[in-house]
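> Have a look at this fold, sequence not included:
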């Protein structure tokens, strides 16, 4: 996720060489900032920027607002600055340590907007990236809310928060978001004297997981949920990351080797969809075998222009995903996820570097670093900070994670209550994601269709994005506005038949493509520029 990094994320990075910084690659994934939230407002069927509701009371009175779980609260009126309107900023703490913020504009549009958290959460609420999202919402007249999910990562990094209070694990898993949402809506109602008309969630990665859990556990909290690249199966991911680390620890792979693999993948699979455009439309159709499609080094040699048999085997294991007792257990990563992209800080490199593959021998890539923390602090009760992943047996230890799975995984396909309430759910995923496995999202959607029936598309749609990395970036058309699409769906019943996306290089739009509801995909009409969305249509496979 370090490639093509949006400016507001850059302050979170100091050096991608360190383990802590590698973990930050996932931590900052809470919001898909490149998604251009609200960019399609002018084309919207709903003028959600129309804000004409005045406060019912003064801001300072909210400092005395009382609710069962509030242990600390303060309210300060902030004056208008630049493009951000004046707003009442309410901050506080819900027991035991759930920090929250509710920002209430001087002119309200009647709607509520909330964002989530990346990785282990615990972000400072005044982080530049989070404030940017808050300000964008305030500009459109939304009441805005956020939480740190129950702990402060500056004091308790990674998953160590559970050591001070086991309750923080439950807060992180699901409680903090729900409690913040209900409290924030109550505060909003008290300030304006009117209840929230519509409530929306928009977040990515762990924030996508939080959104799915809201739909599954608390369907009354939000009317529209956007779950981008959701961490659907946190425990499955954890097992997958340990699988990859074991495979790669005995077969070191360099960036040069991964660039070679990426080139061979693209050469073999780019045109499978009928169009040679530098994108793999559906990587499931790419029958790529590193042992056959990449030159193998002669015995006893290890050059940059070939793979040793051990390296080819390790890379194959990353593609296939973990198995248990001879059966596939969890999806691997897709061909194309190793694509060559612009790296944060300059230069080009494979999308697997620093994420799946350590940049240096014995370095912990971001995926494994995150998984190791989950195993050490959240899977075991009490925690085992010294747990060694090398002792994990994929045939006998799979169920070691079952208890945490029941708390944190967003795998329940039964969305009947959310549907009955009238909720709308949009999920997006980049086919080239190298942090979270895209097929975990596809499988969840297919399970939801099986559980909720063939008309699931009436309230839940998945949009797969060719070439896009985690939440954004990569080589695909990653910039789009899911928020306007969801608002139109919730408030006007206009289900999104497609969403226009753009690829931007050096601040210039170089390609547009339609994003299509799964299982449809964008197909070239046969004439006109392949860089113009108008020359494509959504078609079933």
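Arrived safely. Worth saying up front: this structure is predicted, and the values here are computed from it rather than measured. Numbers count the residues shown, from 1 in each chain.
> if I look at the residue nearest the centre of the chain, how far off is residue 118?
Closest to where the C-alpha atoms of the chain average out (C-alpha atoms, centre = their mean) is residue 205, at 2.1 Å. Using C-beta to C-beta, to the nearest Å, we find residue 205 at a distance of 5 Å from residue 118. To be clear about C-beta, it is placed using only N, CA and C from the backbone, and glycine gets the same treatment.
> returning to that earlier point: the residue nearest to the centre of the chain contacts residue 435, correct?
Yes: here residue 205 reaches residue 435: they are 7.3 Å apart, a contact under C-beta atoms under 8 Å.
> Identify the spatial nearest neighbour of residue 524, chain neighbours not counted.
Nearest in space to residue 524, with sequence neighbours left out and distances taken as C-beta to C-beta, 6 or more residues apart in numbering, is residue 275 at 5.0 Å.
> Show the residue spans covered by the helices in the protein.
19-27, 128-139, 167-170, 176-192, 206-217, 234-249, 255-269, 290-293, 309-320, 366-373, 402-408, 416-420, 438-452, 482-492 (DSSP state H).
> Which among those helices is found nearest to residue 353?
Among those, helix 255-269 comes nearest to residue 353, with 5.2 Å by C-beta to C-beta.
> Buried residues in that closest one, which are they?
Of the residues in helix 255-269, 255, 257-262, 264-266, 268-269 count as buried by neighbour count, 16 or more other C-beta atoms under 10 Å.
> ok, so of those residues, who is nearest residue 224?
Closest approach to residue 224 among the buried residues of helix 255-269 (C-beta to C-beta): residue 269, at 35.2 Å.
> quick one, what contacts that closest one?
Applying C-beta atoms under 8 Å, 6 or more residues apart in numbering, we find residue 269 in contact with 280, 283, 285-286, 288, 335-336.
> repeat for residue 537
Contact partners of residue 537, counting by C-beta under 8 Å, 6+ apart, are 514, 522-523, 525.
> Show me how to select, in ChimeraX, the buried members of the residues you listed.
A single ChimeraX command suffices to select whichever of the contacts of residue 537 are buried according to 16+ other C-beta under 10 Å:
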select :514,522,523
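> could I get the contacts of residue 537 as CSV with pLDDT?
Below are the contacts of residue 537 laid out as CSV (pLDDT from 0 to 100):
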residue, pLDDT
514, 98
522, 98
523, 97
525, 97
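> ok, the residue nearest to the centre of the chain to residue 177 distance?
14 Å.
> do the same with residue 239
Distance of residue 239 to residue 177, given as C-beta to C-beta: 25 Å.
> which of the two has more neighbours?
The residue with more neighbours, out of residue 239 and residue 177, is residue 177; 33 against 25, by other C-beta atoms under 10 Å.
> And the pLDDT at that one?
Residue 177 carries a pLDDT value of 98.
> Correct me if wrong: it contacts residue 149.
Yes: counting by C-beta under 8 Å, residue 177 touches residue 149, with 7.0 Å between them.
> what sits in contact with each of those two?
By C-beta under 8 Å, 6+ apart, the residues touching both residue 177 and residue 149 are 116, 210.
> quick revisit: for residue 518, find the nearest of the helices of the chain.
Residue 518 lies closest to helix 438-452 among those, at 6.3 Å (C-beta to C-beta).
> surely residue 517 meets residue 458?
No: counting by C-beta under 8 Å, residue 517 stays clear of residue 458, with 11.2 Å between them.
> Of those two, give the one with the bigger neighbour count.
More crowded of residue 517 and residue 458, by other C-beta under 10 Å: residue 517, with 19 against 14.
> bridging residues for the residue nearest to that one when sequence neighbours are not counted?
Ranked by C-beta to C-beta, 6+ apart and with sequence neighbours excluded, the top spatial neighbour of residue 517 is residue 461, at 4.4 Å. Beta-bridge partners recorded for residue 461 (DSSP bridges): residue 426.
> who are the neighbours in contact with residue 461?
Residue 461 makes contact with 425-427, 495-496, 517-518 under the criterion C-beta under 8 Å, 6+ apart.
> do that again at 10 Å, thanks
Counting by C-beta atoms under 10 Å, 6 or more residues apart in numbering, residue 461 makes contact with 424-428, 445, 485-486, 489, 495-497, 499, 516-518, 520.
> Give me the common contacts of residue 517 and residue 458.
Shared contacts of residue 517 and residue 458 (C-beta under 10 Å, 6+ apart): residue 495.
> Please name the residues that touch the nearest residue to residue 241 once chain neighbours are set aside.
Sequence neighbours aside, residue 371 is the residue nearest to residue 241 in space, at 3.5 Å (criterion: C-beta to C-beta, 6+ apart). With contact taken as C-beta under 10 Å, 6+ apart, residue 371 is in contact with 234-235, 237-245, 364-365, 379, 389.
> Got the confidence number for residue 371?
Per-residue confidence (pLDDT) for residue 371: 98.
> That one and residue 119, how far apart?
As judged by C-beta to C-beta, residue 371 and residue 119 stand 11 Å apart.
> Can I have the buried ones of the contacts of residue 269 as a ChimeraX selection?
To isolate in ChimeraX the members of the contacts of residue 269 that are buried, counting by 16+ other C-beta under 10 Å, one can use:
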select :280,283,286,288,335,336
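> Tabulate the contacts of residue 269 in CSV, adding columns for pLDDT.
Formatted as CSV, the contacts of residue 269 follow (pLDDT from 0 to 100):
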residue, pLDDT
280, 97
283, 98
285, 97
286, 97
288, 98
335, 98
336, 97
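> right, and out of the contacts of residue 269, which lies closest to residue 81?
Of all those, the one with the least separation from residue 81 (C-beta to C-beta) is residue 336, at 42.8 Å.
> who touches the residue nearest to that closest one when sequence neighbours are not counted in this structure?
Leaving out its chain neighbours, the residue that sits closest to residue 336 by C-beta to C-beta, 6+ apart is residue 280, at 4.2 Å. Counting by C-beta under 10 Å, 6+ apart, residue 280 touches 265-266, 268-273, 286, 288, 334-337, 339, 431-432, 466-467, 475-476.
> Could you report the distance from residue 280 to residue 540?
Remark: distance between residue 280 and residue 540 (C-beta to C-beta) = 19 Å.
> Likewise for residue 458?
Look at residue 458 and residue 540: by C-beta to C-beta, they are 17 Å apart.
> same check, this time on residue 297
Taking C-beta to C-beta, one finds residue 297 at 43 Å from residue 540.
> So these two - more neighbours on which side?
Remark: of residue 297 and residue 540, residue 297 carries more neighbours, 18 against 8, as counted by other C-beta under 10 Å.
> My read is that the more buried one contacts residue 291, right?
No: the pair residue 297 and residue 291 fails to qualify as a contact (C-beta atoms under 10 Å) at a distance of 11.6 Å.
> Quickly list what's touching both of these two.
Taking C-beta under 10 Å, 6+ apart as the contact rule, the neighbours common to residue 297 and residue 291 are 307, 309, 311-312.
> still on that earlier bit, of the helices of the chain, which is nearest residue 66?
helix 176-192 (10.0 Å).
> List the buried residues for stretch 354-362?
For stretch 354-362, a neighbour-count test (16+ other C-beta under 10 Å) marks 354-358 as buried.
> which one among those residues gets closest to residue 51?
Using C-beta to C-beta, residue 355 is the member of the buried residues of stretch 354-362 that sits closest to residue 51, with 40.5 Å.
> got a list of what residue 395 touches?
By C-beta under 10 Å, 6+ apart, the contact list for residue 395 reads 323-326, 329.
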